[in-house]
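> please work out how this folds:
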Amino acid sequence: MMTNHITFYQFCSAVRREGALALCLALCMLGLGLSGSAHEPRPTIITFDAPWAGTGAGQGTFPFGVILDGAISGWYIDAGNVYHGFVRAPDGKITKFDPPGAGKGPGQGTIEARGMNREGAVTGCFVDSNNVYHGYLRAPDGKFTTFEAPWAGTGAWQGTAGLSITPAGLILGTYEDASGVWHGLLRAPDGTLTTFDPPGMAPIAGEGTDPGVFNAIIPDGASTGSYQDANSVFHGYLRTWDGRFVTFDDPHAGTGAWQGTQGYSISPEGTISCTYGDANNVWHGCLRAPDGTVRSFDVPGAGTGAWQGLIGYMIMNPAGAITSFYVDGDDVSHGFVRAPDGIITKFDVPGAGTGTDQGTFPLTINPVGAITGYYIDASGVSHGFLRPAMPYAFLVMR
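Next up, the predicted model:
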């Protein structure tokens, strides 16, 4: 379940102060709102690879998160199919890492680096030599703290993982118990662990509670994600700061097994980005407003067959811009960014393959609109990319 989830210019290095950031966000929102204009100065996409990444099919570089100053976290798979974490600095320097205890065999190692806060702390999970998952926190200075949910199973492919982290160090995570059921997890900065499940979650092996990633928890502790019920249908949830649950569904969502609504990220004011699978197993984007209203959207060109459409993570930044990918009728993936006003801009990374299960896979977007993710080339190898924020916003801020 965990593994299915499947030179940076220093854009905002000068806007770390809160007041300047607010201006930067406003400018970015204006720029993104112009994304449908024929006169838009399209950003030049930067591609990169971890120097130690393998070059065989299924190997390569997998960036996941990008923060305000342009630092990127992710992982790579080497020539021996071992996973390792990395952080890419704003100047393009890549530092690899593995928490103590990470396994060194195929399919082992630092298999995820999904959460990163604005200070540069990274959370994720690693697999040890017995194929058990363990959560980790990598501090900005490179020091590691590992953590285990006491309720997690200790069998092969069970264990604990971190998924998202706030500026204060509150981690949203997950764990699989000895019965193969997934649950939500919170790790406080002092190390205290709390487990949670929304009402209606059914304890079925391989299913359960699926918290969101990256921007899935906000500083006050509210978070989002999804869970599956007794019929294996997905439902989105909002967990408030005090532990109360509000569940939600897109009105167009299907009610069959592995259909339904999935929450992914949450903005500071409480808007949730989500996807839903309809009765034909086609996937669409959606937004849940703070008042509970759920609105759906699609990207022109998205496929309309089963398991096509908007099937990627639907990650939103604080300004309300969303990035993800869609799968077309030929099962090729393409990137898009949805501006706060609803205008959608599609993009493909040069060099992305055009065959089945190839293409462009954006994963996260930072507060000023820079996007990172990976693309799969015609040989099935993955490479990292950065789509910078709007150039004219950069010029204004400079």
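> I'd like to know how far residue 330 sits from residue 298.
17 Å (C-beta to C-beta, to the nearest Å). Yep, even glycine has a C-beta here, placed from its N, CA and C like the rest.
> what does residue 306 give?
16 Å.
> more neighbours: which of those two?
Legend: neighbour count by other C-beta atoms under 10 Å for residue 306 and residue 298, higher for residue 298 (15 against 11).
> let me see the contact set for the more buried one.
284-285, 309-310 (C-beta atoms under 8 Å, 6 or more residues apart in numbering).
> am I right that residue 89 is in contact with residue 95?
Yes: here residue 89 reaches residue 95: they are 7.3 Å apart, a contact under C-beta atoms under 8 Å.
> more crowded one of these two?
residue 89 (16 against 11).
> what is the neighbour count of the closest residue to that one other than its chain neighbours?
In space, and not counting its chain neighbours, residue 89 is closest to residue 71: 5.9 Å by C-beta to C-beta, 6 or more residues apart in numbering. Neighbourhood size, residue 71 [other C-beta under 10 Å]: 22.
> how close does residue 71 sit to residue 237?
Taking C-beta to C-beta, one finds residue 71 at 30 Å from residue 237.
> can you give me phi and psi for residue 371?
Dihedral pair for residue 371: phi -120, psi 140, per degrees, to the nearest 10.
> before we move on, back to that, hmm, which two among the contacts of residue 298 are most spread apart?
Taking C-beta to C-beta, the two most distant members of those are 285 and 309; they sit 8.6 Å apart.
> residues contacting residue 125?
2, 110-112, 133-136, 159-162.
> that one - nearest residue in space that isn't next to it in sequence?
Excluding the flanking residues, the one nearest residue 125 by C-beta to C-beta, 6+ apart is residue 161, at 3.5 Å.
> what helix or strand does the one you found sit in?
Per DSSP states H and E: residue 161 is located in strand 159-165.
> could you say what helices and strands that strand packs with?
strand 109-116, strand 122-127, strand 133-138, strand 171-176 (3 or more C-beta pairs under 8 Å, 6 or more residues apart in numbering; DSSP states H and E).
> what separation do you get for residue 329 and residue 305?
From residue 329 to residue 305 the distance is 6 Å (C-beta to C-beta).
> ok, for residue 168, nearest residue in space, not its chain neighbours?
Per C-beta to C-beta, 6+ apart, closest to residue 168 is residue 189, 5.9 Å.
> quick one: contacts of the strand or helix carrying residue 96?
Take DSSP H and E as the rule and residue 96 turns out to sit in strand 94-97. Strand 94-97 has contacts (C-beta under 8 Å, 6+ apart) with 48, 50-52, 76, 84-89, 110, 138, 142.
> residues near residue 151, how many?
14.
> re earlier: can you list the strands that the strand holding residue 96 pairs with?
strand 83-88 (antiparallel) (DSSP bridges).
> got the angle for the partner strand vs strand 109-116?
Per axes from the mean of the first three to the mean of the last three C-alpha atoms, to 10 degrees, the angle that strand 83-88 makes with strand 109-116 is 40 degrees.
> for strand 83-88, C-alpha coordinates in PDB please.
Written as PDB, here are the backbone C-alpha positions of strand 83-88 (Å, rounded to 0.1, in the frame of the first residue of the first chain):
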ATOM      1  CA  TYR A  83      16.200   2.800  -2.300                       C
ATOM      2  CA  HIS A  84      17.900   5.900  -0.900                       C
ATOM      3  CA  GLY A  85      16.600   9.300   0.200                       C
ATOM      4  CA  PHE A  86      18.000  12.700  -1.000                       C
ATOM      5  CA  VAL A  87      17.600  16.400  -0.500                       C
ATOM      6  CA  ARG A  88      18.300  18.800  -3.400                       C
END
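> isn't residue 150 up against residue 194?
No: assessed by C-beta under 8 Å, residue 150 is found out of contact with residue 194, at 11.1 Å.
> show me the helices in the chain, by range?
18-33, 391-397 (DSSP state H).
> what's the mean pLDDT across the first one?
Here the mean pLDDT over helix 18-33 is 36, rounded to a whole number.
> try stretch 185-201
98.
> identify the residues contacting it?
Against stretch 185-201 from outside (C-beta under 8 Å, 6+ apart): 135, 137, 145, 147, 149-151, 160, 162, 168-175, 183-184, 208-209, 211, 221, 223, 227-229, 235, 237, 239, 243, 245, 247.
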